[in-house]
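**Student:** Coordinates for the following, if possible.
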Amino acid sequence: MTEKYQHIIDALGELDEDTLIKGIEEAVAQNLSTEEAQEIVNACAKGMEKVGDYFEEGEYFVGDLIYAADILQCGMQKLKPCLGADGGAKIGKMVIGSAPGDLHDIGKNIFSSMMEAAGFEVFDLGVDVAPEKFVEKVREVRPNIVGISGLLTLSLDTMGDVIKALKEAGLRDSVRVLIGGNPVSEAVQLRVGADAHSTNAATGVKQCKEWVVA
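**Tutor:** Below you'll find the predicted structure:
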């Protein structure tokens, strides 16, 4: 399906902003149907998968991920009028935020952009998000997944506070919890009671996709 838009996959994968934007603009000028616009979204998702693969292989670095997320957002803004009111078909919902006490958001923002490109509806609560804010949003939107991001060591404890709050609210069993950031590990995952952990955006997105298609 996406072979028609292979140039868009390649442009995003190679961080070629000019080619990506030109390709999307030319497609939009042809009065795309919602279905055709969704094909371009799928092509962008494949392009971001290539970016993630390059990152895992050590060819790209954090700055490249940030740049890829930025040009993806530019492309999606140009495509949005063709996607309809719902912004295209979604494969799942995610509520995400930085752990209580943690003000870092670069990794979270990269991951959120890649999740959106993969077809998720993402509700980003921002940084230093209190446990009750996670609970409130989960109760409101009923997501498949909750993501808790952290860069500070103290976040490893407050991630557990969020999961405990979800459990006390009777919401824990209805969601999968992914923790992410440089200090997380399998040991931390087990200690705080998360379902999975990830230290880079690419593997995190793959895990989330596995959860919703299983």
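**Student:** what does stretch 30-44 rub up against?
**Tutor:** The set of residues that contact stretch 30-44 without belonging to it, under C-beta atoms under 8 Å, 6 or more residues apart in numbering, is 1-2, 4-6, 8-9, 12, 24, 27, 72, 75-76, 79, 82-84, 88-89, 117, 119. Placement of C-beta: from N, CA and C, glycine included.
**Student:** do stretch 133-143 as well
**Tutor:** With C-beta under 8 Å, 6+ apart, stretch 133-143 has contacts from 92-95, 97, 123, 125, 146, 148, 162, 165-166, 169, 171, 174-175.
**Student:** Greatest separation within those residues: which pair is it?
**Tutor:** Looking at the contacts of stretch 133-143 by C-beta to C-beta, the two members farthest from one another are 92 and 165, with 21.8 Å of separation.
**Student:** in this protein, which spans are helices?
**Tutor:** For the chain, applying DSSP state H gives helices covering 6-13, 17-28, 34-56, 62-79, 106-117, 131-141, 155-168, 186-192, 201-213.
**Student:** elements contacting the fourth one?
**Tutor:** Applying 3 or more C-beta pairs under 8 Å, 6 or more residues apart in numbering; DSSP states H and E, one finds that helix 62-79 contacts helix 6-13, helix 17-28, helix 34-56, helix 106-117.
**Student:** Looking at those, spot the one closest to residue 68.
**Tutor:** Using C-beta to C-beta as the measure, helix 34-56 is the one of these that comes nearest residue 68, at 4.5 Å.
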